[in-house]
Each structure stands twice: as structure tokens, then as C-alpha cells.
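>>> My questions are about this predicted structure, shown below with the sequence.
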Amino acid sequence: MKIELRRSADALHTIATDEKGNEVTIYLPEIAGGAATGIRPMQLLIMGMGGCAASDILMILKKQRQQVAGFNIDIDAEREPGKEPSLWEKAHLVFRFSGKVDKSKAEYAVRLSMEKYCSATETLRRSGTELSWEVRVETD
């Protein structure tokens, strides 16, 4: 994998570009002099975990022939207070499904992702992040 980061016109922003030209604007938090015009680096870590889990879960449910009409992940995460560096201390994920989805199959898919397949999740876990989750299925 190759990633390029380059400074934007604003000295406090960088733009990360992957090998295919996809871009993410990264900025410092406002408390450090940045502006709310992109994603902060630590947010990217949590977003990456959510994206990794989403990919796993949706592929597993597709193989199980579940008809997922809607899918969302809400993540509530907290960093270590008063520390530098301030690592992610805990994160709680709520996986919400709609459509013709068997709740036990959704729970199984989430568990497989969160405990076995998702590399981003395991990276956070190994850094000491306490991870918890719940699954909610809305029926049509």
C-alpha cells in the first residue's frame, strides 16, 4: 500500500491520497488551531474500524442470503483524558440493520468481524481499547 500526504494551502491541513487517487482531508482540531474542514487523525482510526467491520458484516450476511435493506453503525468512543499521547480508551458500537435480517445471523456476523476478521478492530484492541457492541434489527 502506498499513501501520499501533502500539505494543503492551509498549513494545518493535509490531504492523504491512496494509490487509486481517493482522497481524505485531514486537519488538526480547532483547539490546536485547525478548522472543521476535514477529519482528525484519531477520528480516522475509529472510522476505519467501523468501515472494516461493515465490509466484513455485509459480506457475511450476503453469503447467508440475508436481505439487508439498511445498515448503520453508530460509534461512541472516548479517549484517555489528560494524557499525551491520548489513546482510545473505549468504544461502543451499535450495529443497526433493517430488512429481512435474522437477528441471530446479524449477531453472528458482527461477532465474527469484531472478534476474528477485522484487522482495524484488532489493532485498537491490542492498543488497549475496550470494545463493546450491540446489534439492533428493525423488521419491515
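Looks like it arrived, so ask away.

>>> Now do the buried residues in stretch 90-101.
By neighbour count on 16 or more other Cβ atoms under 10 Å, the buried set for stretch 90-101 is 91, 93, 95, 97, 98, 101. All C-beta atoms are positioned from the backbone trio N, CA, C, and that covers glycine.

>>> Confirm the third one sits in a helix?
It stands for residue 95. No - the secondary structure assignment for residue 95 gives strand rather than a helix, going by DSSP: H, G, I helix; E, B strand; the rest coil.

>>> my guess is it contacts residue 137, does it?
No - Residue 95 is beyond contact range of residue 137, at 9.0 Å (criterion: Cβ atoms under 8 Å).

>>> which one among the buried residues of stretch 90-101 gets closest to residue 127?
Nearest to residue 127 among the buried residues of stretch 90-101, counting by Cβ to Cβ, is residue 91 at 11.3 Å.

>>> quick one: which helix or strand includes the closest residue to the closest one other than its chain neighbours?
What sits nearest to residue 91 in space, not counting adjacent residues and going by Cβ to Cβ, 6 or more residues apart in numbering, is residue 77, at 3.9 Å. Using DSSP states H and E, residue 77 sits within strand 67-79.

>>> before we move on, back to that, check the gap between the residue nearest to residue 91 and residue 92 for me.
Distance from residue 77 to residue 92, counting by Cβ to Cβ, to the nearest Å: 8 Å.

>>> Quick check, pLDDT for residue 11.
Residue 11 carries a pLDDT value of 69.

>>> separation between residue 78 and residue 131?
Distance from residue 78 to residue 131, by Cβ to Cβ: 12 Å.

>>> So for those two, which residue has more residues nearby?
Each of residue 78 and residue 131 has its neighbours counted (other Cβ atoms under 10 Å); residue 131 has more, 17 against 13.

>>> which residues touch the more buried one?
By Cβ atoms under 8 Å, 6 or more residues apart in numbering, the contact list for residue 131 reads 90, 91, 92, 93, 114, 121, 124, 125.

>>> from these, which single one is nearest residue 107?
Nearest member of the contacts of residue 131 to residue 107, counting by Cβ to Cβ, is residue 114, at 10.5 Å.
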